[in-house]
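> with the input below, show me the fold.
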Amino acid sequence: MANNFAIEFDDLRLLLEIAECGSFSQAAARRRWSQPQVSQRIGALEQQVGAQLFRRHRRGAMPTEACVAFMPSARAALAALDAGRLAVKGAPALPNVTLACLPSLASTVFGALLPALAGAPLEIRCTTDHSPIIMDMLLTDRAQLGFVLNCPAVAGIRLERLCLSPIVAVVRRGHPLAQATTLAAVANAQLAPQYWGSECDTLIALLRAHRTVTQPIHTIQPSSAALELALEHGFLTFMPEMAVARQLRTGQLQRLALTDLPRWEWELMVAWRSGKRPDVAKETVLQQVRALAKDWTAPPL
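The predicted structure is shown next:
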């Protein structure tokens, strides 16, 4: 049963730090505390909340369902405290929205989204990670919106398709192979596909079947690096169309009409934690994302 002692704001911060790093010892190291100090503070918080907040295991600590349910309120309490401090100083408090995205999509998503929301009354925090980590960030309220490739459903998380983007072959304007129509015709070129998974390995095998030169075929991440190789150094690259849609529209890049390139696609999803509480700032970002997604597909050949 919960007791009547007041909850310390710093204990709420400690709770969120442990959820973020997944370890009592790492949270202790950040604060230059001993691990027993951290355990003692969390133990006291668990008594005040009236529930176990973490399950300890060999590799760290996992938030319990009670902890996941409690964290949004903990964040709201800390945000309200910060807003009050700003109000005392006469500075307006703006809502924060944390966005998490795959590294390979960050320049496309964040690069378009932040300018579009430059005048909106909110502050955006951007971070990158892999899809499973992003989903965990959403569940633990460390992020409000996540941009992932199509992945299995997770209880409590809503997924919405934003864009179905084919893998395309591109070269800069005026490239000698701009009119090529088969993989055999481009197989001996200076190649650097963006690596997007096992299908990229299949592509490389198809290209090597036609390749007669001894030069290597490089793969690269993220998409911004592949884009630079194509624009600045004359490489032919294969990458998701959405990552180069703007350059295709402006004519900086040209998409090759390769008739034997298999149909591979990226399915970009936006994910968020479902809930009944309205979140105006998150909804503002979500509406803008839906509008921008229409521009992440280039015109047909």
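> which residue ranges of the stretch 101-250 of the chain form strands?
Applying DSSP state E, counting those that start in this stretch to the stretch 101-250 of the chain gives strands spanning 123-128, 145-149, 157-172, 237-240.
> pLDDT below threshold where in the chain?
Counting by pLDDT under 70, the chain contains low-confidence ranges at 1-5, 90-93, 276, 297-301.
> scan it for its longest helix.
Counting residues, the longest helix found in the chain (DSSP state H) is helix 65-89.
> what's next to that one, contact-wise?
For helix 65-89, the external contacting residues (CB atoms under 8 Å, 6 or more residues apart in numbering) are 9, 12-13, 15-16, 19, 49, 51-54, 63, 92-93, 96, 139-141, 275, 277. Quick note: C-beta positions are derived from backbone N, CA and C, even for glycine.
> ok, which stretches of the stretch 1-150 of the chain are helices?
With DSSP state H, counting those that start in this stretch as the criterion, the stretch 1-150 of the chain has helices at 9-21, 24-31, 35-49, 65-89, 106-116, 131-139.
> okay, the fifth one in PDB with CA atoms only?
By that I understand helix 106-116. Output of helix 106-116 as PDB, limited to C-alpha atoms (Å, rounded to 0.1, in the frame of the first residue of the first chain):
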ATOM      1  CA  ALA A 106      16.800  10.900 -40.500                       C
ATOM      2  CA  SER A 107      18.000  13.400 -43.100                       C
ATOM      3  CA  THR A 108      14.800  12.800 -45.200                       C
ATOM      4  CA  VAL A 109      12.300  12.900 -42.300                       C
ATOM      5  CA  PHE A 110      13.900  15.400 -40.000                       C
ATOM      6  CA  GLY A 111      15.300  17.600 -42.800                       C
ATOM      7  CA  ALA A 112      11.800  18.100 -44.200                       C
ATOM      8  CA  LEU A 113       9.800  18.200 -40.900                       C
ATOM      9  CA  LEU A 114      11.700  20.800 -38.900                       C
ATOM     10  CA  PRO A 115      11.600  23.600 -41.500                       C
ATOM     11  CA  ALA A 116       7.800  22.900 -42.000                       C
END
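> just the buried residues of the contacts of helix 65-89.
12, 15, 16, 19, 49, 53, 54, 63, 139, 140, 141 (16 or more other CB atoms under 10 Å).
> need those in JSON lines (columns: distance to residue 235).
JSON lines is the format used below for the buried ones among the contacts of helix 65-89 (distance: CB to CB, whole Å):
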{"residue": "12", "distance to residue 235": "50"}
{"residue": "15", "distance to residue 235": "48"}
{"residue": "16", "distance to residue 235": "44"}
{"residue": "19", "distance to residue 235": "42"}
{"residue": "49", "distance to residue 235": "56"}
{"residue": "53", "distance to residue 235": "51"}
{"residue": "54", "distance to residue 235": "48"}
{"residue": "63", "distance to residue 235": "45"}
{"residue": "139", "distance to residue 235": "39"}
{"residue": "140", "distance to residue 235": "40"}
{"residue": "141", "distance to residue 235": "41"}
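> contacting residues around the residue nearest to the spatial centre of the chain?
Centroid check for the chain by CA atoms, centre = their mean gives residue 101 as the closest residue, at 1.0 Å. Residues in contact with residue 101 (CB under 8 Å, 6+ apart) are 109, 110, 126, 127, 128, 134, 146, 147.
> residues near the nearest residue to the fourth one once chain neighbours are set aside, how many?
Read it as residue 127. Nearest residue to residue 127, sequence neighbours excluded (CB to CB, 6 or more residues apart in numbering): residue 100, at 5.2 Å. Residue 100 has 26 neighbours, counted by other CB atoms under 10 Å.
> picking that back up, ok, and the closest non-adjacent residue to the residue nearest to the centre of the chain?
residue 147 is the one closest to residue 101 (CB to CB, 6+ apart), at 4.1 Å.
> before we move on, the earlier item: tell me what the residue nearest to the centre of the chain is bridged to.
residue 128, residue 147 (DSSP bridges).
> gap between it and residue 108?
From residue 101 across to residue 108, the span is 9 Å (CB to CB, to the nearest Å).
> likewise residue 94?
As for residue 94, its distance to residue 108 is 25 Å (criterion: CB to CB).
> those two - which one has more neighbours?
Using other CB under 10 Å, the more surrounded residue of residue 94 and residue 108 is residue 108, with 27 against 14.
> would it be right to say that residue 267 lies in a strand?
Yes - counting by DSSP: H, G, I helix; E, B strand; the rest coil, residue 267 is located in a strand.
> run a quick neighbour tally on the closest residue to residue 48 other than its chain neighbours.
In space, and not counting its chain neighbours, residue 48 is closest to residue 7: 5.2 Å by CB to CB, 6+ apart. Residues contacting residue 7 under the criterion other CB under 10 Å number 15.
> ok, residue 208 touching residue 215?
No - the criterion here is CB atoms under 8 Å, and residue 208 misses it with residue 215 at 11.1 Å.
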